[in-house]
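**Student:** Fold the following for me, if possible:
(one chain, ligands or ions: 1)
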Amino acid sequence: MHECIDGREEIMEKLMIEGGTPLEGTVQISGAKNSAVALIPAAILADSTVTIDNLPDISDVRLLGELLKEIGGEVELADQKMVIDPSKMFAMPLPNGHVKKLRASYYLMGAMLGKFKKAVIGLPGGCNLGPRPIDQHIKGFEALGAKVTNEQGAIYLRADELKGARIYLDVVSVGATINIMLAAVLAKGRTIIENAAKEPEIIDVATLLTSMGARIKGAGTNVIRIDGVESLHGCRHSIIPDRIEAGTYMILAAAIGQNVLIDNIIPLHVESLIAKLREMGVDVEVLDDQVRIRNHQEKKGVDIKTLVYPGFPTDLQQPATTLLTQAHGTSIVTDTIYNARFKHIDELRRMGADIKVEGRSAIINGKTKLQGAKVRASDLRAGASLVIAGLTAEGITELSGVEHIDRGYEDLEQKLIGLGAKIWREQMSDQEEEQVKSS
Ligand code: EPU
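**Tutor:** Below you'll find the predicted structure:
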């Protein structure tokens, strides 16, 4: 037994994957994880009830619900809907505990600072992708008038009042852009965020805040203007589809699908992936809110460089690397966002892939036959890349580190079984648990 990611005692599990069966059918895409994890903290800023619909059923969402309860919120979560009454919330310090378990707990900093003018939040955890600084978040909070200190692994934020400011981000950061928006919506006067990130999740957060009464212009461009208001009220909001989950299934379909319809998506959000798949020779049909992948031809290798939106997302780099093992020729995948996001490569090699890592790039020689093996997911998207590898491989793959996948993919097995995949969960033996703990 170990403590699972949302705080419950849980049995350690592994995914068993029998590869080689071509997939076919329709998969429904859930609400976007990276929107959800910002929208839930954003509700703190309101004075009355906020209802968020189309939430993905993932452990990060459940964990954030628990965190809002810790600060006095009334939270109900059922049927992909969270109803948050923030009226009794207070600036409870959260130096340890759940905040350490997910990266997105940093949004509690912006939201609590905005609402209460103070907050204590433990430095966030989440996927280990190498160094993930939050200096740009802090630069923004300070520009708005907060005093920020780091004391024994917790960030202390305090302000007499928050005043709008012009903030130029030195690094284009999704988290910093959203966090500064959260802190600025109740500040006095105008805040301008320059060199802002443009990801769809930022527009989603701005839409929620606007429905709560905030005045925000330019979300989705690199200059966002926020005019502070006195207070914010409750509202109802439905989350956009998860472009990374959609992209993961598109990549899977390109690897081992015959004819797969990815439903309930915004195709514009996955344009960079569609372009790459077509370059590889994959047949992609774009419909209104669906994409159909037909996979008949041999695929050819391509080079991929991850970039900020609308470039190729770093979150699809790991799944795409697995796909490229099934393409002919040499492909180079370069991650310009996280240069250490390559922990899946050793595991893919174990399954027979011919990949080497040089600096920020993975060089993949295809096409290789993958063989089932015992592998471990080191992070969420590494997990997705290994599930795709397992489904593509001959034989059985045993994948541990499932708790990472549960953080971000709703109902992964059921969705895959719906496409004809042979995948199931098993409890790990005591010996396997020991091996994982000591690795
Ligand atoms: N960065 C800084 N300083 C900062 C903030 C970021 O140097 O203050 C750097 C980072 O180290 C990185 C780059 O800027 O090299 C971009 O980081 P960003 O802040 O945009 O990432 P994030 O907001 O922490 C979100 C997603 C990630 C996704 C990235 C990039 C959430 C909760 N997480 O992280 O999602 O990879 O944007 O698009 O929204 C995932 O879903 O698997 C995941 C890791």
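
**Student:** Please count neighbours and contacts with C-alpha atoms only from this point.
**Tutor:** Will do.

**Student:** near the ligand, which residues of the protein?
**Tutor:** Residues of the chain found near the ligand (CA under 6 Å from any ligand atom) are 34, 103-104, 132-137, 171, 173-176, 314-315, 337-338, 380-381.

**Student:** Which of these are buried? Put it as a ChimeraX command.
**Tutor:** Here is the ChimeraX selection string for the buried members of those, based on 16 or more other CA atoms under 10 Å:
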select :34,103,104,136,137,173,174,175,176,314,315,337,338,380,381
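
**Student:** now what about stretch 68-80, what contacts it?
**Tutor:** Residues from elsewhere that reach stretch 68-80 (CA atoms under 8 Å, 6 or more residues apart in numbering): 41, 44, 53-57, 62, 65, 82-92.

**Student:** Just the ones of the residues you listed in helices?
**Tutor:** Counting by DSSP state H, the contacts of stretch 68-80 place P41, R62, G65 in helices.

**Student:** Next one: the closest residue to the ligand within the stretch 301-439 of the chain from S173, what distance?
**Tutor:** Across the stretch 301-439 of the chain, the shortest distance to the ligand (CA to the nearest ligand atom) belongs to I337, at 4.3 Å. Counting by CA to CA, to the nearest Å, the gap from I337 to S173 is 10 Å.

**Student:** try Q317
**Tutor:** For Q317, the distance to S173 equals 18 Å [CA to CA].

**Student:** circling back: narrow the ones in helices among the contacts of stretch 68-80 to those that are buried.
**Tutor:** Among the ones in helices among the contacts of stretch 68-80, those classed as buried by 16+ other CA under 10 Å are P41, R62, G65.

**Student:** Please verify my assumption that D379 contacts H404.
**Tutor:** Yes - with contact defined as CA atoms under 8 Å, D379 reaches H404; the gap is 5.5 Å.

**Student:** ok, the nearest residue to D227 once chain neighbours are set aside - contacts?
**Tutor:** Nearest non-adjacent residue to D227, counting by CA to CA, 6 or more residues apart in numbering: R190, 4.5 Å away. Counting by CA under 8 Å, 6+ apart, R190 touches K163, G164, A165, R225, I226, D227, G228.

**Student:** What residue in this protein is the furthest from its centre?
**Tutor:** Distance from the C-alpha centroid of the chain, by CA atoms, centre = their mean, peaks at D160 (33.6 Å).

**Student:** Can you give me every residue that contacts that residue?
**Tutor:** D160 sits next to K117, G145, A146 when contact means CA under 8 Å, 6+ apart.

**Student:** number of nearby residues for the residue lying closest to the first one once chain neighbours are set aside?
**Tutor:** Spelled out, it's K117. Computed as CA to CA, 6+ apart, the closest residue to K117 that is not its neighbour in sequence is A159, at 5.3 Å. Close neighbours of A159, defined as other CA atoms under 10 Å, add up to 19.

**Student:** Surely A159 touches A146?
**Tutor:** Yes - look at A159 against A146 with CA under 8 Å: they come within range, at 4.4 Å.

**Student:** Give the intersection of the neighbour lists for the two.
**Tutor:** Joint contacts of A159 and A146 (CA under 8 Å, 6+ apart) are K117.

**Student:** shaky segments in this protein?
**Tutor:** 1-10, 125-131, 439 (pLDDT under 70).

**Student:** what residues go with each domain of it?
**Tutor:** For the chain, the structural domains run 4-30+241-438, 33-238, going by automatic domain parsing.

**Student:** quick one: M12 from V174, how far?
**Tutor:** Taking CA to CA, one finds M12 at 32 Å from V174.

**Student:** repeat for A320
**Tutor:** Counting by CA to CA, the gap from A320 to V174 is 22 Å.

**Student:** which outside residues touch stretch 310-320?
**Tutor:** Contacts of stretch 310-320 (CA under 8 Å, 6+ apart): 198-199, 244, 247-248, 251-252, 269, 271-273, 304-307, 333, 335, 337-338, 341-342, 344, 381-382, 384-386, 388.

**Student:** no, scratch that, I was asking about stretch 394-409
**Tutor:** With CA under 8 Å, 6+ apart, stretch 394-409 has contacts from 4-5, 13-20, 33, 56, 58-60, 127, 245, 369-381, 383-384, 386-387, 390.
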